[in-house]
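Student: Here you go, sequence then predicted model.
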Amino acid sequence: MSFKKDEKLRLTLEVADLAIGYKSAVIAKNINFNVSEGELMAIVGINGIGKSTLLRTLGNVQPKLSGSIKIEQRELENYPALKLAAKISLVLTEPIASKNMSVLELIALGRQPYTNWLGSLSKEDRTKIKEAISMLQLEELQHRKCFELSDGQLQRVMIARALAQDTTIILLDEPTTHLDLYHKVKILKLLKSIAHRTKKTIVFTSHEIEMAIQLCDKMVLLDRKNNPFGQPCHLIEQGAFEALFPGDAVSFDASTGSFRIQK
Ligand SMILES: Nc1ncnc2c1ncn2[C@@H]1O[C@H](COP(=O)(O)OP(=O)(O)OP(=O)(O)O)[C@@H](O)[C@H]1O
């Protein structure tokens, strides 16, 4: 962390006794965690356990079943829509509908919560867009159409749009899917440095558990029971990763912080 050791970090997202899912089924319950400004947190767990459902619930695109989600001490459901758009940005995995837009146009859309009804950009809007382009190193690509980009480049554009939105919290659903190992590491390291440098809270879902262990400040492990939460090193000490997957195919090696294939 780039913060001074004794600097008190403000809690931005607090989740207590949360249950998520659909009218037809509870997908996960007993979810408890909190994240502060400047922290990077991963949500991990086996396929179908509810990672994306949790992210969508945090992003207010799907209602919680019960429990509490607080954004800067205020319940999520008590925020007016426009105020919430200035607090949370959400990047989902669905392909974007408007790939015909240029990179610059798509990133500028991130400023919508702040622009007037004509959507015209102020000086501040332009500064935020420029900063986002620079942080994601998209200068060379900014006038290209989105359909001309690779998955990895598009992933960076979507993160830039969320950054341009300049929210306290950025939620990303699987930001490293479709990427090779090198680009997965690059994106996660970039997210970490953005969180630390800009004091934003960044929460993402991932299957890259080993990378998350190495790079995240905190993790939530969805496991259908008590969903352990904490710093990766503490979760390793508690043996939380051993129970994440059924033991017939992989086992966790606490000494290396990695999974081993059962032969
Ligand atoms: N609209 C829906 N109605 C009912 N159940 C749903 C709906 N959408 C998803 N589900 C179920 O919710 C569960 C959790 O899905 P979710 O996509 O959140 O899991 P995930 O952990 O993100 O999975 P993956 O790792 O495969 O992406 C799954 O069992 C899924 O079938």
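Tutor: Noted; the coordinates are in hand. This one's a predicted model, so the numbers in the text were calculated from it and none came from an experiment.
Student: So which bits of the stretch 1-150 of the chain are right by the ligand?
Tutor: Neighbours of the ligand within the stretch 1-150 of the chain, by C-beta under 6 Å from any ligand atom: 22, 24-25, 27, 45, 47-53. Yep, even glycine has a C-beta here, placed from its N, CA and C like the rest.
Student: Just the buried ones from those residues, in PyMOL syntax?
Tutor: Those of those that count as buried under 16 or more other C-beta atoms under 10 Å are selected in PyMOL with:
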select buried, resi 27+45+49+50+51+52+53
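Student: quick one, phi/psi of the closest residue to V185 other than its chain neighbours?
Tutor: The shortest distance from V185 to any non-neighbouring residue, by C-beta to C-beta, 6 or more residues apart in numbering, is to M211 (6.5 Å). With angles defined as degrees, to the nearest 10, M211 sits at phi -70, psi -40.
Student: pretty sure M211 is in contact with L188, am I right?
Tutor: Yes: the pair M211 / L188 is scored as a contact, 5.6 Å apart, by C-beta atoms under 8 Å.
Student: Give me the contact list for stretch 177-191.
Tutor: Residues outside stretch 177-191 that contact it (C-beta atoms under 8 Å, 6 or more residues apart in numbering): 40, 93, 135-136, 151-152, 155-156, 159, 172, 175-176, 202, 204, 207-208, 211-212, 215.
Student: Please repeat the previous calculation with a cut-off of 10 Å.
Tutor: By C-beta atoms under 10 Å, 6 or more residues apart in numbering, the residues outside stretch 177-191 that reach it are 40, 42, 93, 135-137, 150-156, 159, 170, 172, 175-176, 200, 202-208, 211-212, 214-216.
Student: Which positions in that stretch come out as buried?
Tutor: By neighbour count, with 16+ other C-beta under 10 Å as the criterion, the buried positions of stretch 177-191 are 179, 183-185, 187-188, 190-191.
Student: same question, stretch 89-98
Tutor: Applying a neighbour-count criterion of 16+ other C-beta under 10 Å, one finds 89-92, 96 buried in stretch 89-98.
Student: Lowest-confidence one in those residues?
Tutor: Lowest pLDDT among the buried residues of stretch 89-98: I96, with 70.
Student: what's near enough to touch that one?
Tutor: Each residue near I96 by C-beta under 10 Å, 6+ apart is listed here: 106, 109, 146-147, 154, 157-158, 161.
Student: quick one: which of those is nearest L235?
Tutor: Checking those against L235 by C-beta to C-beta gives M158 as the nearest, at 28.3 Å.
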